[in-house]
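*Asks:* coords below, sequence missing:
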Ligand code: GLY
């Protein structure tokens, strides 16, 4: 068996590519890196890689993480500027035993010294988004994007290896140096080939309070089925945050068990994700909330097209 699951509809073309190339059968890790790299390079996704929206100083600061579930090795970079593909650097860092989580200037230096491509990551389009926001009221609450956010991908290959990876530009207009859940092991991503893997998207500050990805894998370790593990972990965090802080941000997770079955949970309406496996072509699902219950709906072709049209629409200042 092999399987892949990715957050948001934005993972579709990238997962489709690695499925076609058979990468996902052979090597979960390189399938994840290839898929996330493609998403980082697509400038119309404004929450990942090139085209990602900047912080309040108009600097694009990127985070990425990667974990190998066979060895528990992980690598991550945070608040890094001018590196074209953060996921590649996170993957390279997962080969290091120490100094595998690097921040800002140190992460950039590692990337440069290891020959990773540099690039000014502020796209003209992202600059327009920034200038538009500057004309609007400044004091708006920082929220995850509507309809997309961090890309998080979990994969299982035919050798039985499970891996997880993430990449994000974090919250639009965040403070310089702000880091969310995506590069934080156990929060944005976690993988253990004996049990399963999980990745998260949404408000990093709240996701980190539950170490949500680690929590899901712990429930899998207890033998809880993957859908139940996701629902249970997410609901528990949602309720705890509501009780303790009186509010809760957007929280969504995707997971695979060691047999390639998927689980998903969210506290928002219309969370989308992509799943593909040996027995299923890449499919985009929408998660609908009906009377507090979660229902999965396969996205229509019209919805898939509208999504891209909206992302690629002209920006008027
Ligand atoms: N989940 C992405 C972030 O909070 O930065």
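*Replies:* Okay, I see it. None of these values were measured; they are calculated from a predicted model.
*Asks:* what separates the residue of the stretch 51-200 of the chain found nearest the ligand from residue 64, distance-wise?
*Replies:* Closest residue of the stretch 51-200 of the chain to the ligand, Cβ to the nearest ligand atom: residue 180 (2.3 Å). Any C-beta I mention is one placed from the backbone N, CA and C, and that applies to glycine too. Per Cβ to Cβ, to the nearest Å, residue 180 is found 11 Å from residue 64.
*Asks:* out of those two, which sits in the busier spot?
*Replies:* residue 64 (34 against 28; other Cβ atoms under 10 Å).
*Asks:* quick one: strands adjacent to the strand or helix carrying the more buried one?
*Replies:* Using DSSP states H and E, residue 64 sits in strand 62-68. Partner strands for strand 62-68, per DSSP bridges, with pairing direction: strand 74-80 (antiparallel), strand 162-168 (antiparallel).
*Asks:* give me the contact list for stretch 291-303.
*Replies:* When contacts are defined by Cβ atoms under 8 Å, 6 or more residues apart in numbering, stretch 291-303 is touched by residues 9, 231, 264-266, 272, 283-289.
*Asks:* try it again with 6 Å
*Replies:* By Cβ atoms under 6 Å, 6 or more residues apart in numbering, the list of residues contacting stretch 291-303 from outside reads 283-288.
*Asks:* want to try a markdown table for those, with neighbour count as columns?
*Replies:* Listed next are the contacts of stretch 291-303 as a markdown table, based on neighbours: other Cβ atoms under 10 Å:
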| residue | neighbour count |
| --- | --- |
| 283 | 15 |
| 284 | 23 |
| 285 | 20 |
| 286 | 17 |
| 287 | 19 |
| 288 | 14 |
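*Asks:* just the ones of those in strands?
*Replies:* In strands, defined here by DSSP state E, the members of those are 283-288.
*Asks:* which residues of the stretch 1-150 of the chain lie near the ligand?
*Replies:* When proximity is defined by Cβ under 6 Å from any ligand atom, the stretch 1-150 of the chain lies next to the ligand at 149-150.
*Asks:* any weak-confidence spans in the stretch 1-150 of the chain?
*Replies:* For the stretch 1-150 of the chain, the stretches flagged by pLDDT under 70 are 137-140, 145-148.
*Asks:* in a markdown table, list the strands paired with strand 62-68 along with mean neighbour count.
*Replies:* Output for the strands paired with strand 62-68, formatted as a markdown table (neighbours: other Cβ under 10 Å):
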| stretch | mean neighbour count |
| --- | --- |
| strand 74-80 | 26 |
| strand 162-168 | 33 |
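*Asks:* all helices for the stretch 201-317 of the chain, in order.
*Replies:* Assigned by DSSP state H, counting those that start in this stretch, the helices in the stretch 201-317 of the chain fall at 204-209, 212-221, 226-245, 301-312.
*Asks:* who wins for proximity to the ligand among those?
*Replies:* helix 204-209 (2.5 Å).
*Asks:* chain center to that closest one: distance?
*Replies:* Distance of helix 204-209 from the chain centroid (Cα atoms, centre = their mean, to the nearest Å) equals 14 Å.
*Asks:* list the buried residues for that helix?
*Replies:* Across helix 204-209, burial judged by 16 or more other Cβ atoms under 10 Å covers 204, 206-209.
*Asks:* check those against the ligand, which are close?
*Replies:* Near the ligand, by the rule Cβ under 6 Å from any ligand atom, you find residue 204 out of the buried residues of helix 204-209.
*Asks:* dump the ones in strands among the contacts of stretch 291-303 to JSON lines, plus distance to the ligand and pLDDT.
*Replies:* As requested, these are exported to JSON lines (distance: Cβ to the nearest ligand atom, whole Å; pLDDT from 0 to 100):
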{"residue": "283", "distance to the ligand": "24", "pLDDT": "98"}
{"residue": "284", "distance to the ligand": "20", "pLDDT": "98"}
{"residue": "285", "distance to the ligand": "20", "pLDDT": "98"}
{"residue": "286", "distance to the ligand": "20", "pLDDT": "97"}
{"residue": "287", "distance to the ligand": "17", "pLDDT": "96"}
{"residue": "288", "distance to the ligand": "22", "pLDDT": "92"}
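*Asks:* which pair of the residues you listed spans the longest distance?
*Replies:* Largest separation among the ones in strands among the contacts of stretch 291-303 by Cβ to Cβ: 283 and 288, giving 15.4 Å.
*Asks:* give me the distance between the two termini of stretch 240-253.
*Replies:* 17 Å (Cα to Cα, to the nearest Å).
*Asks:* if you could redo that for stretch 65-77, that was the one I meant.
*Replies:* Using Cα to Cα, one end of stretch 65-77 lies 7 Å from the other.
*Asks:* so what's the gap between that stretch and the chain middle?
*Replies:* Chain-centre distance of stretch 65-77: 14 Å, with Cα atoms, centre = their mean.
*Asks:* and if you look at stretch 185-192?
*Replies:* 11 Å.
*Asks:* list of residues touching that stretch?
*Replies:* Contacts with stretch 185-192, where a contact means Cβ under 6 Å, 6+ apart, come from 65, 67, 69, 74, 162-164, 166, 181-182, 197-200, 207-208, 211, 213-214, 217.
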